[in-house]
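# No sequence on hand, only this structure:
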């Protein structure tokens, strides 16, 4: 007998009206529960009756729980989730029993999710426990207990973090004893947009939970990031003091890592607070102070860049020859490309070999060309004044030079001392106050801002403000930017009020834009503290101030992936009336999301197809900044079609962004690498291309080969914290749209990528590590081959068959004439032309060798083969098998992706005091990458740059003598006075890294200073 399908719940609902029969009504409630998914609409008409049963005292507790659960499920299907949660909390044991049923999984999941959301909301309002519904607390505690029983620790930690239940975090850690969970909590609180006050509370709570660091501890990078984020001098000094007696190497390692991400002010305060120590410890503390000054790191990084300089000068020469130097935009393009390629290498070979090109710079091109020396010699702060001496403003009165080269030299001095400018701050302030020329003041203000970045110097701020009040458009713009840079991240309301007040008073657009950017720098990393200023700027009528509001929003929430900030930027990108503001809003998405590069292509894909070219241009730069150095194919696939955009500045942005994305990629790891390089060369060499596209190609060439092909572009530090200097540098680089010289600031985001090992004496020993991947995956690009002139070969003259027949007839006639004269006494003189003609005839009448028909050639080849003629074809070379790994020495280039494949041989003399990478070493990388093809199986793009940097090494075999790399520069060759221009290249090769091939050789001496022949 077939069971009848139930078509209505009316019969069961009728039982609810049995007033005198509680048992019947309880049975009706039980019967209605499984019917709700099918008949919820019909049951909803009686929901008031069921609610009254829940509130009735006549029914037992179990029946009332069933009534509450039934009402909750009805409201769930009606979409009234808050009401459903309220009744579910009253269902008690009935809800617990229902949660074990698989049929109600969707209902249970939704109710639990709503309960968690309500609990988090109530806790976020700082409500006390006695004000929270005890039934809600009971449900949440049950969720925590169940997570711990099931081993779902991260779920419990996520709820506890958002609900501000630090006691649960401690409870989970004590039960699991897993340090990785503490690192997980730290990353979550830093990258999920929590308020600064709560963030610091969580970090201070986590710090004592971390076990004391020891060599090779997995949580060393997390601790480093925690200390840098808190920037607490007492806590940091306490850590270093605890390590000095027994773990001196680890103390040095922490100090080097603090330099990577700490601000100038924080590092200086730690140096000052370090004690002198006992007699045995004094040397260690002195070394720590030396490391914290940043000089040791910079010294080794510039040595690394100099030794491994792989700049392809032929690319630069081809670009220089293709771009007409008389055009300012083209001269600037070559200047920037050369500066980026040679950043930090101290190699000025290209400048010395092209003095005739250099002399054509004029006005602001001269300013940019001089400032490029600061990029090339970045980090040589102890010799900065000496290197730039020929161009800096003269001390003697009456000695005048070009104001453009003087201003550029002051800007260059700031770039040389970027973030470490304590020694040159006084000099730059003096020039800013005493020289009244606006061009020189412009360079001095930019240099002072970059050198004194985040120094918090109020004296420098006041000097810049004095320059601002002169109301010079050129000097005032740089002063506004410089004021923000000096007070970077301070969030001082007084400084912001002064800057915004003058921005409303002045009529100069350049000054307004400079001040708007300065305010953005002022609130760097301040998150919710900047909300008031952001709202004020975004509501301004002046588009320039709204432009500053967009950058203030982006820099305040830089690296946080904050949803509210992203939502605001997307709204501005599609609604603002100013194209500049819309372009900036799309670009600034990169500053908020750069720690999640894989999300950016999906986010901007629709924006890249916008009807507005400014929005499309912003999308290109957003992809370039957020995916820089990752080689992310999704980003490349969006950028490549934009190279063919009908608008020139969109193409320019796409070409620049491609250079950022593909920096340090190889042809084996990125399928687009070789085609992109060829594209740059084609666009630069095409005189019919738009100037902006050719400018973008030249910048792309410089970025893709930046730092001698030994740096990456990263807005994150190696430990995962936000790289302040890099974010600021790229924010300034984006202003090249208005002011070309600011493009030099991209060098602040260039991060050397190499393995640099030091022993406890901070000397550089020789050792080797193993890269467990095919060498081609991370190899340098092959050098460009110069164009070769093909030798002209003489081709045998082809003779037509008609010509051969005519010559044959003539020869027969002459032969007949000769026969008729045989009996005569006088014979005609034989001519050489007759013999020549016979040779031709023989060639024509024989085997028709001069017939160039392909069929004839094939026939001849077949005949020769049949006759046993040996073949002249060369045998195919045997295919060589690429090794699956390679050995790398100290001071070798290791790209960020490659760090996941690097390991120290366990039998080696030296072992690192901390892991070389945050990702565990991968052994089978070579085979997997070979199967994936085109780098498909490379390690996934990580959120951080991933390890490397300067590593302190433990000597596991102290009984064996160590070999060291000699860093002593050779004695400088005597420079000839007034050397002719043609001799300059030879002198340059002796004093620069351009021709060095020995990786283990000593560091070359600084090249002798030369003066640009600008005024020749």
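Sure, I can see it. Every value quoted in this text rests on a predicted model; they were computed, and no experiment measured them. Numbers count the residues shown, from 1 in each chain.
# and the nearest residue to residue 77 once chain neighbours are set aside, how many neighbours?
Spatially, and ignoring its direct neighbours in sequence, residue 77 is nearest to residue 40 (4.0 Å; C-beta to C-beta, 6 or more residues apart in numbering). From N, CA and C alone the C-beta is placed, and that goes for glycine too. Here the number of neighbours of residue 40 (other C-beta atoms under 10 Å) works out to 18.
# Run through who's touching the helix or strand where residue 40 lies.
Under the criterion of DSSP states H and E, residue 40 resides in helix 36-44. With contacts defined as C-beta atoms under 8 Å, 6 or more residues apart in numbering, helix 36-44 is touched by 6, 8-10, 13, 32, 35, 50, 70, 73-74, 77-78.
# helix or strand right after it?
Downstream of helix 36-44, the first helix or strand assigned by DSSP H and E is helix 47-55.
# out of the contacts of helix 36-44, which are buried?
Listed as buried from the contacts of helix 36-44 are 9, 13, 32, 35, 50, 70, 73-74, 77; burial here means 16 or more other C-beta atoms under 10 Å.
# hmm, back to that, tell me the mean pLDDT over the helix holding residue 40?
Average pLDDT, helix 36-44: 86.
# how much does it deviate in direction from helix 47-55?
Interaxial angle, helix 36-44 versus helix 47-55 (axes from the mean of the first three to the mean of the last three C-alpha atoms, to 10 degrees): 100 degrees.
# Which of the helices or strands spans the nearest residue to residue 429 once chain neighbours are set aside?
Distances taken as C-beta to C-beta, 6+ apart put residue 463 closest to residue 429, at 5.0 Å, once the chain neighbours are dropped. Per DSSP H and E, residue 463 falls inside helix 458-468.
# got it, and residue 751?
Using DSSP H and E, residue 751 maps to strand 750-752.
# so how far is that strand off the chain centroid?
Here the centre of strand 750-752 is set off from its chain's centre by 10 Å, with C-alpha atoms, centre = their mean, to the nearest Å.
# partners of that strand, with directions?
Strand 750-752 sits in its sheet next to strand 711-713 (antiparallel), going by DSSP bridges.
# tell me the mean pLDDT for the strand it pairs with?
For strand 711-713, mean pLDDT rounds to 93.
# List the buried residues for it?
711-713.
# helix/strand/coil for residue 378?
coil (DSSP: H, G, I helix; E, B strand; the rest coil).
# That one reaches residue 415, doesn't it?
Yes: assessed by C-beta atoms under 8 Å, residue 378 is found in contact with residue 415 at 6.1 Å.
# Give the residues shared as contacts by those two.
Common neighbours of residue 378 and residue 415 (C-beta under 8 Å, 6+ apart) are residue 747.
# now, which of the contacts of helix 36-44 sits nearest residue 179?
Taking C-beta to C-beta as the measure, residue 179 lies nearest residue 73 of the contacts of helix 36-44, at 43.3 Å.
# Which phi and psi values does the closest one adopt?
When read as degrees, to the nearest 10, the backbone of residue 73 gives phi -70, psi -40.
# ditto for residue 668
According to degrees, to the nearest 10, residue 668 has phi -80, psi -30.
# tally of neighbours for it?
By other C-beta under 10 Å, the residues close to residue 668 number 21.
# measure residue 565 to residue 616 for me?
Counting by C-beta to C-beta, to the nearest Å, the separation of residue 565 from residue 616 is 22 Å.
# ditto for residue 748
Distance of residue 748 to residue 616, given as C-beta to C-beta: 27 Å.
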